[in-house]
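Q: Fold the following for me, if possible:
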Amino acid sequence: MTQIINNLFEISDRYEALFVDLWGCVHDGVKALPDAVTALQAYRKGGGKVVLVTNSPRPRAGVVKQLAHFGVPDDAWDDIATSGDSARSAMYRGTVGSNIWHLGPPSDKSFFDPIDILENPVEITRVALDDAEGIVCTGPFDATADPSVLRPQLLLAKQMGLKLLCANPDIVVDRGDKREWCAGAVAALYTEMGGESLYFGKPHPPIYDLARRRLFALGVDVADRDILAIGDGAQTDVKGAMGEDIDSLFISGGLAAAETNTTVQPDQDALTRYLEKEISSPTFTIGHLR
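A: Presented below is the predicted three-dimensional model:
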């Protein structure tokens, strides 16, 4: 049974580092969440390290710019591990070939920026679907449209035997009060249709390996038992933490706010039903990060 807490301070002294989700925890896709920022600033002042671990398909530099735009100050975090960086490394190792069909909005073009952390990266060329060796999906073309509108292209891709590299395993996010589809929904549809999808963000191991490398680069060697993962996704943040044997703090007031009847804090019975349905066992739960 998860333990409901009132604020991060109650448990923070048990952990040397936090792996913190962004969307729904630190910002809402439009602006920073002030209480969350204050909590992370206080944790860092006490000596803890904060690695933001996000399923954003953007490279780290793009997320830094986005955080500044949302008003998240840079003293609330130490480093960032993105699904995009993990997936980009795989792409530039040739995981889905060199001639790539990009399934995603033009705003994600930075995904294809040159990479300097690999020796002899594969040369990537963006091509039409008919000429592709593989697919990189950073999201649907239209985040407000049901992913099923992509069935014709995905059917052709499956018939061509193309692998789909998913740069963001999230199914949906809430931008302010509007829900949007993510690359994970497209990848799930492709898999359902018989195609092969490859994942590099939460809850899959590659992004946690990247987060640990980011943490080590800060000059600290932290054991898994001393890391707390924080996020609002039962099937991404909590599932990933469980798979990595890391304690977790579930933010019930994010994606699951309605199901858990969360305003300030979740309703105990609603939370229990939701976690049982999701087969999820977070160590702790809080309504919103504070």
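
Q: Quick check: closest non-adjacent residue to the one residue sitting closest to the centre of the chain.
A: With distances taken as C-alpha atoms, centre = their mean, the residue of the chain nearest its centroid is residue 55 (2.1 Å). Spatial nearest neighbour of residue 55, excluding adjacent residues (C-beta to C-beta, 6 or more residues apart in numbering): residue 201 at 3.9 Å. Yep, even glycine has a C-beta here, placed from its N, CA and C like the rest.

Q: can you pull the contacts of that neighbour?
A: Applying C-beta atoms under 8 Å, 6 or more residues apart in numbering, we find residue 201 in contact with 54-55, 82-83, 86-87, 166-170, 207, 236.

Q: go on, residue 279?
A: Listed by C-beta under 8 Å, 6+ apart, residue 279 has no contact partners.

Q: quick revisit: which element, helix or strand, includes the residue nearest to residue 55?
A: Following DSSP states H and E, there is no helix or strand that holds residue 201.

Q: Give me the phi and psi for it.
A: phi -100, psi -170 (degrees, to the nearest 10).

Q: Can you spell out which residues form a bridge with the nearest residue in space to residue 282 that is not next to it in sequence?
A: Spatially, and ignoring its direct neighbours in sequence, residue 282 is nearest to residue 250 (3.6 Å; C-beta to C-beta, 6+ apart). Counting by DSSP bridges, residue 250 is bridged to residue 231, residue 285.

Q: I'd say residue 250 and residue 281 touch.
A: No - using C-beta atoms under 8 Å, residue 250 is not in contact with residue 281, being 9.4 Å away.

Q: now the end-to-end length of stretch 189-209.
A: Using C-alpha to C-alpha, to the nearest Å, the end-to-end distance of stretch 189-209 comes to 27 Å.

Q: buried stuff in that stretch?
A: Neighbour counts over stretch 189-209 (16 or more other C-beta atoms under 10 Å) mark 189-190, 195-204, 206-208 as buried.

Q: Among those residues, which one lies nearest to residue 95?
A: residue 198 (6.6 Å; C-beta to C-beta).

Q: tell me which strands and helices the one helix or strand that closest one maps to is in contact with?
A: Residue 198 belongs to strand 196-199 when assigned by DSSP H and E. Contacts defined by 3 or more C-beta pairs under 8 Å, 6 or more residues apart in numbering; DSSP states H and E place strand 196-199 against strand 163-166, helix 183-192.

Q: Quick check: which of those is nearest to residue 73?
A: helix 183-192 (28.3 Å).

Q: What lies in contact with the closest one?
A: Here helix 183-192 makes contact (C-beta under 8 Å, 6+ apart) with 55, 57, 103-104, 137-140, 147-148, 150-151, 154, 157-158, 164, 166-172, 196-197, 199.

Q: Now it: average pLDDT?
A: Computed over helix 183-192, the mean pLDDT rounds to 97.

Q: Once you drop chain neighbours, what's closest to residue 131?
A: Nearest in space to residue 131, with sequence neighbours left out and distances taken as C-beta to C-beta, 6+ apart, is residue 99 at 6.0 Å.

Q: which ones are touching the one you found?
A: 125, 127, 131, 132, 133, 134.

Q: what about the closest residue to the second one other than its chain neighbours, distance to residue 187?
A: Closest residue to residue 127 apart from its sequence neighbours, by C-beta to C-beta, 6+ apart: residue 99 at 4.8 Å. Relative to residue 187, residue 99 is positioned 20 Å away (C-beta to C-beta, to the nearest Å).
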